[in-house]
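# quick one, fold the following:
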Amino acid sequence: MDAVATIDITPFGPFGEPIPVFQRRRYSGALNNYGDDKKQSLLFFSAGITAAFTSSLYNGLDCLRVRWQVCSTAEAKGSLMEFASGIIKNEGFVNGLWRPGIVANGIGMGASGALRFGYYEIVRDALHSDDGEGKNGIKMALAGLSCGAFAYFVTTPFHLLKTMIQAEKGMIG
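The predicted model follows:
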């Protein structure tokens, strides 16, 4: 006799139902009704810190891009790698590529990330509070676009300042 092994497969393992990681309440008014202002503040703070940190990590590439765009054709002979190695050889990596504009970039991207991610859920739920239906992809996209547009509108001066600092460094050399 052949024995047949059976395996109990449920969608969420032995528990039978998903474990709720975050308990969220529906948005029900003009003010943040998620219960705890500390949680909402933590969302703004963590989004801002993460965006500032990650933008600081790739600031060297961003500075290289701007310096490549504003350099004269005599300096731009060869590949981008040769251009980057020339900057690093003459000015060093930190002073030549990584440091120019890093503060403005960190502030701009940090504020932008905090605004985009912090307000997204509030705007999304406010758009869905009018109808009794579930979440709608179009309204979610509208919430994301409006929060992103607002955040970049507010932080554009920091992005412009970052680009001007990097371009000036590229012209002065």
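
# any idea how far stretch 56-68 is from the chain center?
Distance of stretch 56-68 from the chain centroid (C-alpha atoms, centre = their mean, to the nearest Å) equals 17 Å.

# I should have written stretch 157-173 there, sorry.
So, by C-alpha atoms, centre = their mean, the centroid of stretch 157-173 is 21 Å from its chain's centroid.

# kindly report the same for stretch 78-96.
27 Å.

# for stretch 49-66, same thing?
Stretch 49-66 sits 11 Å away from the centroid of its parent chain (C-alpha atoms, centre = their mean).

# show the average pLDDT along it.
Averaging the model's pLDDT scores along stretch 49-66 yields 94.

# and residue 76, what does it touch?
By C-beta atoms under 8 Å, 6 or more residues apart in numbering, the contact list for residue 76 reads 68, 83. All C-beta spots, glycine's among them, are computed from the backbone N, C-alpha and C.

# 6 Å - rerun?
For residue 76, no contacting residues are found, by C-beta atoms under 6 Å, 6 or more residues apart in numbering.

# what about the protein, any weak spots by pLDDT?
Applying pLDDT under 70 to the chain picks out residues 1-36, 130-132, 173.

# please redo it, this time with the cut-off set to 90
Where the chain drops to pLDDT under 90, the residues are 1-43, 71-80, 121-122, 124-139, 169-173.

# helices along that one, start to end?
Assigned by DSSP state H, the chain shows helices spanning 37-57, 59-70, 80-91, 93, 102-128, 137-172.

# make TSV from the ones you listed and add mean neighbour count to it.
Output for the helices of the chain, formatted as TSV (neighbours: other C-beta atoms under 10 Å):
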stretch	mean neighbour count
helix 37-57	15
helix 59-70	18
helix 80-91	14
helix 93	13
helix 102-128	21
helix 137-172	16
